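below are the sequence and a predicted model; questions follow.
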Amino acid sequence: MKIQCIDRDVRQVLESGTYVIPRFQRPFSWDRENVEEFWTDSTSDVKKDYFIGAFVTYNINSSTYGVVDGQQRLTTITVTLCAIRDKYNELGYASAAQGVHRLIETHDLNNQPQFVVRTETSYPYLQAKIQSFEKEDEKIEIGEEERAIALAYQIVSVHLNNGVENFSALEAKKQKVAIKKWLDQIRDKFLSLKVISITLDNQDDAYTIFETMNTRGKDLTAADLAKNHILRLLPAKGKSLDRPKDHWLEMQEELEGATRPIQLKTFLHHYWLSKYPFTTEKQLFRAIRDTVNAGNVKEVVAELRTDTVLYKGITDPNSLTLWTKPGRDIADSLYCISNILNIQIANPFLLSVLRLYSAKRLKDGQVRELFGLVERYHYIYTTISALPSSGGVSQMYAAHARDLANAVDANALGLSIQDFKKKIKDRVPSKEVFVSKFKQLTYQNTRQRDVLRYTLWKIDKHRNPAVDFERGTATFEHLLSQSTNSAMMHSIGNLILVPGKFNGETLGNKPFLEKKGLLQGNGYALDDHVAVATAWGSTEIEKRLNMLADYAYEHVWKIK
C-alpha cells in the first residue's frame, strides 16, 4: 500500500486538482451548530495555523481524487468560499470575486469548466444554486441534504453581512477599503486552514485507512460503512439512474417512518444476527465486508429490502399485511413484546420468524407459539422479576434465529422450535422470585401503568375469553376508592380494568358494593374474589393480590 501524506493548507488542496465525493458517501449533514462552530474556529484571531484534520483521498486520474474522509469539511469550505465570492461580487469587487471563483470552478486541459468539488448526492442543487457564479433560476426539488447546504450558505452569508455592517459608520471611500480588507482576511483565514492530505493509489486502500481511522472515533456507524461497501459493489447505471442508492435510501426512510423511528444500524445488526455468525455491533462492518462480495451483493440487498418491511413490523405490526383475521392475536403478541414490554434483544429471532411466516414456511399456530413464548418469558423474567438479559440471552436468540433461517425442511423447523422451547423453559425464574416482584406493582408508579393495564387485560382475557374490550382505551378502577388513602389502594390487588364508559361519573368514588352492583348490572364479569365479597378493605386486597400473582405465574404466563 503506497501512502502519500502531506501537510497542506486548504488553498493548496483546492489548487492541486478536482475532488469527487462519491454517491455512496453520507450526504452533507452539518447542522447550524456545526457550521457556526466551524466559522468561529476558522475566523478566530487567537488560533494560528488552525488544523482541521485529515483528508483521505484516492487517485482517480492524475488530477482528480475521490474523497473518502473529509467531505463534510470540504463541502462547508466550498459553500463558504461561494458566499465570500458572492459578497465580493455584490459589493463590486469583481476581480476578488473571480479570484475566489477559480478555487470553486476550474478548467481542464481542453479548457472545459468543471467544479473543483463535485458531489453526486446533492446534484444539481449545489452546482446550480451555490457553486455557479451566475445562479440558475430554475426551481430544483430539494431534500434534507440540499436544505443543510442552503442553511450553511445562509449562516455564512449572515456572518458576512454582519461583518460588512460594522463598517457602515465610515465615510464611503474608507468604508470600501476597510470592507475589502476585512473580506480578504476572512477569505485568507479559510484558505490557510491546515490539513493532513492522505492520498492513496486506489479506492480499496483508501477505505482500509479510513476504516482504521474510524475504529477510534464515532464519525461513521456500521451502517454508513456498510452502505459504502455495498454501493461500491453495485455501480450506478448512469448519472440519471442510481437504483442501488435509491433502494438504500428507501430502506432508511421505511425504518425512520416507523411509529418509533428505527436506526438503520440497529436493523442491520439484527438482520445480520438473524442469518450469520454472531458478531457485536462494533465488529459488524468487518463481518459484512468479509461476507458480502460482488457475487452475492444483489441477493443480500434484495433480502435487506424485504426484511426492512418485516423489521419495521416488529414494532408496528399493523404496517404488515401478513395477518388474517384469526391471526390478529399474533400481531397483538408482537405489539406487546415491542411496545409494552419494550424488548429488543429478541428482534433477530422475531425477524427470522416473520421471514419464514411471510414465505409461508411457518403456520399461524407455530408463529403464535413462538411469539407467545417470547412474550411470556420476558414478562416473567424481564418485566416483573427484573432480571438482567445477559449476553447469553442475546446469543441464544441469535443462534435460534440462524437455526430457523438455515432449516432445510419442515422437520428441521420443528426440531429447531422444540429446542428453542426447551432453552426458554430452562431460563424461567422461580415462582417465589416472580410473586415477590409481582406484588410490588403499583398504580402510584406512573411508569408501571402500561404494564399494569397489560397485566389486568391479559388476566381478564385468559379468565373469560368471551369478554373483550380495547386494551388501549381501558381505564383503571380502584375498588377501594382513592379517597380512602389506604396503604393498599394502589396495589394491583385493588385494581380492575374497565371500559372507559364505566369509569368517571358512572363509578366515581362510590362505595364498593354500589360499584360492584353497577359493574354487574352492566354485564362486567368480575373475578370470584370481587364477585363474592360483601366488603372491601386491606384484607380482601391482600387475598386478591396473592390470587392474581399465582394465577399469572401458573396459568396466564406459564411456560410449559
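Good, I have the coordinates. Residues are numbered from 1 along each chain as shown.

any weak-confidence spans in the chain?
Residues of the chain meeting the criterion pLDDT under 70: 1-3, 24, 46-49, 206-220, 236-242, 467-468, 501-506.

try it again with 50
Along the chain, the model assigns pLDDT under 50 to residues 215-218.

I figured Asp460 was touching Leu497, is that so?
Yes. In this structure, Asp460 is within contact of Leu497 by C-beta atoms under 8 Å, at 6.4 Å. (C-beta placed from N, C-alpha, C; glycine too.)

pull out the buried residues from the longest strand anywhere in the chain.
Once the chain is assigned using DSSP state E, the strand that runs over the most residues is strand 51-61. By neighbour count on 16 or more other C-beta atoms under 10 Å, the buried set for strand 51-61 is 52, 54-60.

and Ala94, what is it in contact with?
If you count contacts by C-beta atoms under 8 Å, 6 or more residues apart in numbering, Ala94 has them with Tyr88.

next up, phi/psi of it, please.
Torsion angles at Ala94 (phi, psi; degrees, to the nearest 10) stand at phi -60, psi -40.

next one: Leu519
Residue torsions, per degrees, to the nearest 10, at Leu519 are phi -70, psi -50.

kindly report the same for Ala346.
According to degrees, to the nearest 10, Ala346 has phi -90, psi 0.

and the top helix by length along the chain, C-alpha only, in CSV?
In the chain, assigned by DSSP state H, the helix with the most residues is helix 144-165. Output in CSV follows, covering the C-alpha atoms of helix 144-165 (Å, rounded to 0.1, in the frame of the first residue of the first chain):
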residue,chain,number,x,y,z
GLU,A,144,-32.6,17.1,3.6
GLU,A,145,-29.1,17.4,2.2
GLU,A,146,-29.9,20.4,0.0
ARG,A,147,-31.6,22.1,2.9
ALA,A,148,-28.5,21.6,5.0
ILE,A,149,-26.3,23.1,2.2
ALA,A,150,-28.7,26.0,1.9
LEU,A,151,-28.6,26.6,5.7
ALA,A,152,-24.8,26.5,5.7
TYR,A,153,-24.7,29.2,2.9
GLN,A,154,-27.2,31.3,4.8
ILE,A,155,-25.3,31.1,8.1
VAL,A,156,-22.0,32.2,6.4
SER,A,157,-23.9,35.0,4.5
VAL,A,158,-25.3,36.4,7.7
HIS,A,159,-21.9,36.5,9.3
LEU,A,160,-20.5,38.3,6.2
ASN,A,161,-23.4,40.8,6.2
ASN,A,162,-22.9,41.5,9.9
GLY,A,163,-19.1,42.0,9.3
VAL,A,164,-19.7,44.4,6.5
GLU,A,165,-22.3,46.3,8.6
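
for it, list every residue counted as buried.
Neighbour counts using 16+ other C-beta under 10 Å place 145-146, 148-150, 152-153, 155-157, 159-160, 163-164 of helix 144-165 among the buried residues.

also stretch 517-528?
For stretch 517-528, a neighbour-count test (16+ other C-beta under 10 Å) marks 519, 524, 526-527 as buried.

what's the answer for stretch 251-262, then?
Residues of stretch 251-262 classed as buried: 251-252, 254-255, 258, 262 (neighbour count, 16+ other C-beta under 10 Å).

list of residues touching the longest strand of the chain?
Contact with strand 51-61 is made by 13, 19-20, 42, 65-70, 73-74, 193-203, 205-206, 209-210, 213, as judged by C-beta under 8 Å, 6+ apart.

in space, not sequence, find me the middle residue of the chain.
Using C-alpha atoms, centre = their mean, the residue of the chain that lies closest to the mean C-alpha position is Gln263, 1.7 Å off.

wouldn't that one be in contact with Met251 here?
No. Using C-beta under 8 Å as the test, Gln263 is too far from Met251 to be in contact (12.0 Å).

what ranges do the strands span in the chain?
Secondary structure of the chain (DSSP E): strands located at 3-9, 18-21, 51-61, 64-69, 105-107, 113-115, 117-119, 194-200, 475-478, 495-498.

columns distance to Ala533 on top of those, output as TSV?
Below are the strands of the chain laid out as TSV (distance: least, C-beta to C-beta, whole Å):
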stretch	distance to Ala533
strand 3-9	82
strand 18-21	73
strand 51-61	73
strand 64-69	71
strand 105-107	86
strand 113-115	82
strand 117-119	73
strand 194-200	79
strand 475-478	14
strand 495-498	12
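
wait, which of these is closest to Gln395?
strand 64-69 (33.8 Å; C-beta to C-beta).

so what strands line up beside the closest one?
strand 18-21 (parallel), strand 51-61 (antiparallel) (DSSP bridges).

would you convert the buried residues of stretch 251-262 into a markdown table that also reports distance to Val556?
Converted to a markdown table, the buried residues of stretch 251-262 look like this (distance: C-beta to C-beta, whole Å):
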| residue | distance to Val556 |
| --- | --- |
| Met251 | 38 |
| Gln252 | 39 |
| Glu254 | 35 |
| Leu255 | 33 |
| Ala258 | 29 |
| Ile262 | 30 |
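
out of those, who's nearest Ile179?
Of those, the one sitting nearest to Ile179 (C-beta to C-beta) turns out to be Gln252, at 44.6 Å.

right, and that closest one touches Lys265 too?
No. The pair Gln252 / Lys265 is not scored as a contact, 10.6 Å apart, by C-beta under 8 Å.

just checking, Phe133 touches His101?
Yes. Under the criterion of C-beta under 8 Å, Phe133 makes contact with His101 at 5.6 Å.

give the residues shared as contacts by the two.
With C-beta under 8 Å, 6+ apart, Phe133 and His101 have common neighbours Arg85.

out of those two, which sits in the more crowded spot?
Per other C-beta atoms under 10 Å, whichever of Phe133 and His101 has more neighbours is His101, with 19 against 15.

quick one: contacts of stretch 15-23?
Contacts for stretch 15-23 (C-beta under 8 Å, 6+ apart): 8, 57, 60, 63-67, 71, 74-75, 103, 106, 114-121, 197, 231, 236, 242, 245.
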